[in-house]
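1. sequence below, structure please.
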Amino acid sequence: MENRTKYIAVCTAGINVEYIDSALSAVYFLAQKYHFKVLYFNSFSTLYYFTKHDAGESCIFRLINYNLLDGIIMLTETIKSDKIRQDILEKANQNDIPVISVDHFLKGCYNVNFQYKNSMKTIVEHLMVEHGFTRLNFVNGEPDNAFSQERLDAYREVLEEHGIPYEEERVAYGHFRWDTMDDVIRQFTESELPFPEAIVCANDSMAIGAVKYLKEAGYRVPEDVKVTGFDGIREAMEHVPSITTSKHDYYGLIQKSMEILDAYFQGEEPEEQNWVETKPIFTESCGCKAINAEKSSSFTRELYDRIDSWEHFQRRQIALAADLTDNDSFQGIFDNLKKYEENFHSNRFWLCIVDDFLNQKENLMDIIEEDATFMRAGYSDTMDVMLSKNGDEWLGLTDFHTASLLPDIERVLEEERNVMFLPLHVLEQTIGYLAMVYDPNKVNMYFTYQFVMNISNALENTRIHQRQRAIIDNLKLKAIHDPMTGLFNRRGFYQRVETVYGQCIAQDRLLAVISVDLNGLKKINDTYGHADGDIAISTIGKALVEVFPQEFTCARFGGDEFIVSGQVESREQVEEYCQRVEEYLAKFNRNSGKPYQVSGSIGYVAGVPGGISLDEFIKAADEKMYEDKARHHSRSRT
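-> Predicted coordinates:
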């Protein structure tokens with residue numbers, strides 16, 4: 001076999017839980033032993049309900065480039081969506097990539113599972129043999145869950161082996177949660193069966209809840225009733241009384257997974273099903289050890305430290321949210337994030353954004369079309385690295401092909417042991433992903449989850465605000481512009497010219513108002529149709545825009561009426577503008593091929609506005625225009 005470094009993906013979901021942290025930490029330390037480089041693909045959600053949020057989280061698994069990989073370790077039990085599991089497996093099989101399914105049997109994989117059943121049987125056997133109990137109640141997890149069924153089967157088998165009949169009423173379902181145990185304990189206390197000598201729980205959380213609600217019901221543990229759990233979580237170990245449980249060897253589970261991959265890479269054919277034993281721990285809640293109330297002092301101190309750390313983090317997140325909100329641009333967000341670099345919990349990271357996310361639409365119809373058709377479900381073909389740091393050096397912006405995962409991924413993996421990929425999204429809308437070099441000694445996944453969601457929300461809010469601002473700007477423009485010609489309308493004319501009018505008074509400058517009326521619009525409409533009438537109207541508008549300087553205000557007041565106004569140096573200058581308008585129209589008539597002539601009657605006034613209103617200026621210009629129109633009609637009759 002080829003002797004080179006192997007690249008493996010580790011896929012997990014719901015990484016902000018104790019058991020997954022243990023597994024990821026084991027991957028981190030064992031990968032070096034087996035010369036594996038690791039790419040972690042992790043969603044924060046377990047994907048159980050597959051809500052819109054879960055859909056956005058799940059996109060991180062679409063990022064996997066199977067062409068880069070030699071193997072995959074999937075913590076399958078953490079990924080609650082069977083569709084995602086099967087999609088990963090199917091694509092791996094298409095690329096001849098071995099998949100290790102951890103803690104959940106998956107056909108088509110090499111499976112590594114805990115021997116839960118043996119351990120549960122040992123706990124139940126212990127209560128019967130060592131303590132002599134015959135009345136054992138059982139609290140299961142979910143009715144249709146494979147783990148629940150396996151643990152219930154173990155309970156039933158031990159009862160049968162000891163000749164004790166199975167009683168359905170002695171079994172309840174706590175759904176693997178401590179807060180459901182109030183109802184479970186009430187069910188047991190109100191049962192007509194004799195009260196149990198021991199309550200066997202299918203996990204530690206339910207056992208902790210059982211102790212709490214038994215105490216509230218007046219029962220002492222272990223004096224009046226014994227309680228056992230399962231899974232060996234730290235809270236159970238530090239509980240008073242400490243919970244009899246089964247400790248799961250997550251390090252051993254990952255080690256077995258890597259042994260299988262290593263054997264596969266050496267050309268061997270591993271077993272499809274592999275087992276790792278779990279270890280029962282008999283302690284205070286079943287009466288095997290005296291309760292030591294002092295033992296929890298170190299755990300209590302650690303909890304206080306965690307609370308202090310959490311409070312500090314929350315204060316920083318509040319400041320972060322304020323800083324990220326106080327921005328009117330995406331670049332402002334990325335600049336502000338530099339102040340919070342400690343929240344990345346990594347010396348090397350990349351903030352990668354889908355390439356069309358930062359594009360700002362200016363035109364109202366473009367915005368409406370984007371809302372109607374654009375869904376960012378998944379990643380674009382290219383990504384933009386908007387923020388990146390390696391050690392003490394902030395790196396420049398760059399883009400790269402998404403299939404590469406990162407710019408120059410080969411060099412990155414030569415220099416680093418791993419890269420972790422985490423989703424950036426709002427609901428089902430993909431924004432991008434955070435890639436970082438993972439170190440379990442630095443990363444707190446609870447904190448990372450909240451930090452990443454704050455970044456996602458800030459980016460989406462800025463996108464929405466920019467879109468809203470563009471819509472408002474477009475509506476403002478539409479409110480003061482004529483839709484046919486693009487000239488200002490009556491409202492826009494007054495908004496602009498009233499300021500110029502005041503400046504002319506203050507500076508003793510000449511104000512010109514030019515009135516233009518399209519000749520013969522009704523005849524054109526009646527004879528050739530309204531489409532040609534629109535052409536004639538638009539031609540007058542184009543003539544005004546072409547002739548008058550940009551600082552002038554050209555407006556269509558409605559129908560065939562046009563008004564132009566601005567500061568001028570002399571009346572001769574206005575005469576020149578009017579002459580050029582007539583020349584523009586004459587040129588159009590020579591070249592248009594239309595069976596009608598487009599012409600306008602023009603009148604103007606120019607003077608210092610003192611003592612006369614703007615409306616009076618317009619009225620005077622109109623009167624001059626009507627004089628010209630009368631001459632036009634006279635010429636037409638002649």
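
2. now the helices: where do they sit in the stretch 351-500 of the chain?
-> The residue ranges that make up the helices of the stretch 351-500 of the chain, judged by DSSP state H, counting those that start in this stretch, are 364-373, 409-415, 445-479, 490-507.

3. buried residues in the shortest one, which are they?
-> Right, helix 409-415. By neighbour count with 16 or more other CB atoms under 10 Å, helix 409-415 contains the buried residues Ile409, Val412, Leu413. Glycine gets a C-beta too; all of them are placed from N, C-alpha and C.

4. what about the second one, distance to Pro423?
-> So the one you mean is Val412. Val412 is 20 Å from Pro423, where distance means CB to CB, to the nearest Å.

5. also the first one?
-> When CB to CB is applied, the distance between Ile409 and Pro423 equals 18 Å.

6. now the last one
-> Here the criterion is CB to CB. By it, Leu413 lies 21 Å from Pro423.

7. which of the residues in stretch 556-576 are buried?
-> Across stretch 556-576, burial judged by 16+ other CB under 10 Å covers Arg556, Phe557, Asp560, Glu561, Phe562, Ile563, Val564, Ser565, Gly566, Gln567, Val568, Val574.

8. and that stretch, how far out from the chain's middle?
-> The offset between the C-alpha centroid of stretch 556-576 and the centroid of the whole chain comes to 54 Å, using CA atoms, centre = their mean, to the nearest Å.

9. measure that stretch end to end?
-> Criterion CA to CA, to the nearest Å; first-to-last residue distance in stretch 556-576 is 21 Å.

10. repeat for stretch 427-442
-> The distance separating the two terminal residues of stretch 427-442, taken as CA to CA, comes to 28 Å.

11. residue contacts, the closest residue to Lys6 other than its chain neighbours?
-> Counting by CB to CB, 6 or more residues apart in numbering, Lys6 lies nearest to Asp70, which is 4.2 Å off, once chain neighbours are set aside. Contact criterion CB atoms under 8 Å, 6 or more residues apart in numbering gives Lys6, Tyr7, Ile8, Ile97, Leu261, Phe265 as the residues in contact with Asp70.

12. if you rank those by neighbours, which is first?
-> Taking other CB atoms under 10 Å as the neighbour criterion, Ile8 ranks highest of those with 25 neighbours.

13. show me what that residue is bridged to.
-> Partner residues in beta bridges with Ile8, using DSSP bridges, are Val38, Gly71.

14. that one contacts Leu261, doesn't it?
-> Yes. With contact defined as CB atoms under 8 Å, Ile8 and Leu261 form a contacting pair (6.6 Å).

15. joint contacts of those two?
-> Each of Phe36, Asp70, Gly71, Ile73 lies in contact with both Ile8 and Leu261 under the rule CB under 8 Å, 6+ apart.

16. got the buried residues of helix 409-415 as TSV, with pLDDT and distance to Arg315 columns?
-> Shown next, in TSV, are these (pLDDT from 0 to 100; distance: CB to CB, whole Å):
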residue	pLDDT	distance to Arg315
Ile409	92	36
Val412	95	33
Leu413	93	36
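
17. nearest to Thr402, of those?
-> For Thr402, the closest of these turns out to be Ile409, at 11.1 Å, with distances computed as CB to CB.
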